[in-house]
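1. After the sequence you'll find the predicted model.
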Amino acid sequence: MAVQAKRIPLRKCTGCQEMKSKKEMMRILRTSEGDIVLDTTGRKNGRGAYVCCSMECFEKAVKNKGLERSLKCKVPDETYESLKKEIELFEER
């Protein structure tokens, strides 16, 4: 009997459009209340969009409106600014 290898969940980056493992990416989440937050655990309820752990990919996702398409809502500029600060803190770790 052959042992099957465990599957690694893949997600597509909304910035660079590359498929990567879920653990290599950050999840940006739209909650049921309509708030848009950075989901560091990857387990919160809501509609999620994935971005590589780099500021470059986040900026591409903002520029090409990939986050808005994935989250299916308009994202205000203030939200982008707060997400940018959170990602910078996340990158420092």
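-> Received it, and whenever you're ready, just let me know what you need.
2. and the biggest helix by length in the chain, what does it pack onto?
-> Within the chain, and with DSSP state H defining each element, the longest helix by residue count is helix 77-92. Helices and strands touching helix 77-92, by 3 or more Cβ pairs under 8 Å, 6 or more residues apart in numbering; DSSP states H and E, are strand 25-30, strand 36-39, helix 55-63. In this view, the C-beta of every residue, glycine as well, is placed from N, C-alpha and C.
3. Give me whichever of the ones you listed is most buried.
-> Highest mean neighbour count among these (mean count of other Cβ atoms under 10 Å): strand 25-30, with a mean of 21.
4. In the sheet, which strands lie alongside that strand, parallel or antiparallel?
-> strand 36-39 (antiparallel), strand 47-52 (antiparallel) (DSSP bridges).
5. angle of the worst-scoring helix or strand of the chain on mean pLDDT against strand 47-52?
-> Lowest on mean pLDDT, DSSP states H and E among the helices and strands of the chain sits helix 77-92, with a mean of 86. Here helix 77-92 points in a direction 50 degrees away from that of strand 47-52 (axes from the mean of the first three to the mean of the last three Cα atoms, to 10 degrees).
6. can I get the strands paired with strand 25-30 in a markdown table with mean pLDDT and distance to Arg30?
-> Formatted as a markdown table, the strands paired with strand 25-30 follow (pLDDT from 0 to 100; distance: least, Cβ to Cβ, whole Å):
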| stretch | mean pLDDT | distance to Arg30 |
| --- | --- | --- |
| strand 36-39 | 90 | 5 |
| strand 47-52 | 93 | 5 |
